[in-house]
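Trainee: Take this sequence and fold it.
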Amino acid sequence: DSKSGCLRSKEIQHPGHGELNGVDGIASIESIHSEMCNDKSSTFSVTSTGVASAAVAASTSSASGSSSSSSSKVVIVGGAEILECPLCLLCHSRESFPDIMTCHHRSCIDCLRQYLRIEISESRVNISCPECSERYNPHDICMILCDRVLMEKYEEFMLRRWLVADPDCRWCPAPDCGYAVIAFGCASCPKITCGREGCGTEFCYHCKQLWHPNQTCDAARQQRAQSLHLRTVRSSSLSYSQESGATADDIKPCPRCAAYIIKMNDG
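Mentor: Purely as a prediction, here's the structure:
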């Protein structure tokens, strides 16, 4: 039977001659269960052999699994440490629980690996222990993951987070580039050139847009807005003219508001 709680630390000795027979094993297990019913608030460690050892290990494992403590439960079976993972609640050997630099909590390698994959896939870089707020060391993350592609993604996220926090960092505005330039002393000479091979895009340190010679940032911003509006209007007019059968000569600016219009046959 599974029993909640734990028993006080105790070593079971079996009566009889050197070997353990079935009757002795059953009697010992029954006495253990009796003590488990009487005392439900202490720890229990068993070192035994034979049939009794297997049954006692099973009962203590069940007792550990029902506890709500956040730390890993430890059971000694045949001289080997068996720990219960607080995340999946399964028992594994001590080797399946990696040591973490920043805190004392222990979880099995499979649970930690899945946890890190989810965190990194959601672009999180300040990854903390699933049981407390202590952040994982990048060395521990690399050791647990054992995945070069995922680790490279994590390092890229960390680098981007660091660059975004740098006030002198500027990102190349060219499409599909995304190269970062760390610019120093560019207040008087704000022209920046992208250093990525094959790009070389020139852009402004202040407005972070394409370089605008002989123009202030505000003037260049207004010009870009007007050009974008003009392209949008022309695209809409062209689409309408294709549907209506109008030619380019039929599209003219309104003399009052300068909006592009098409003069219809009826005037």
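Trainee: For residue 162, see how far away residue 90 is.
Mentor: Applying Cβ to Cβ, to the nearest Å, the value for residue 90 to residue 162 is 38 Å. C-beta: built from backbone N, CA, C; applies to glycine.
Trainee: Give me the below-cutoff pLDDT ranges for the stretch 151-267 of the chain.
Mentor: Under the criterion pLDDT under 70, the flagged ranges of the stretch 151-267 of the chain are 185-187, 229-251, 255-260, 263-267.
Trainee: Strands of that one, start to end?
Mentor: Using DSSP state E, counting those that start in this stretch, the strands of the stretch 151-267 of the chain run over 169-171, 180-182, 191-193, 202-204, 251-253, 260-262.
Trainee: The second one pairs with which strands, and in what direction?
Mentor: In this case it means strand 180-182. Paired strands of strand 180-182, with direction, are strand 169-171 (antiparallel) (DSSP bridges).
Trainee: Identify the residues contacting the partner strand?
Mentor: 163, 178-183, 192, 203, 205, 208 (Cβ atoms under 8 Å, 6 or more residues apart in numbering).
Trainee: how does it look with 10 Å?
Mentor: 160, 162-164, 177-183, 186, 190, 192, 194, 203-206, 208 (Cβ atoms under 10 Å, 6 or more residues apart in numbering).
Trainee: Can I get the strands of the stretch 151-267 of the chain in TSV including distance to residue 95 and mean neighbour count?
Mentor: Listed next are the strands of the stretch 151-267 of the chain as TSV, based on distance: least, Cβ to Cβ, whole Å; neighbours: other Cβ atoms under 10 Å:
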stretch	distance to residue 95	mean neighbour count
strand 169-171	43	17
strand 180-182	42	15
strand 191-193	52	15
strand 202-204	53	19
strand 251-253	76	13
strand 260-262	74	14
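Trainee: okay if I get those as CSV plus distance to residue 130?
Mentor: Output for the strands of the stretch 151-267 of the chain, formatted as CSV (distance: least, Cβ to Cβ, whole Å):
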stretch, distance to residue 130
strand 169-171, 32
strand 180-182, 32
strand 191-193, 42
strand 202-204, 43
strand 251-253, 63
strand 260-262, 60
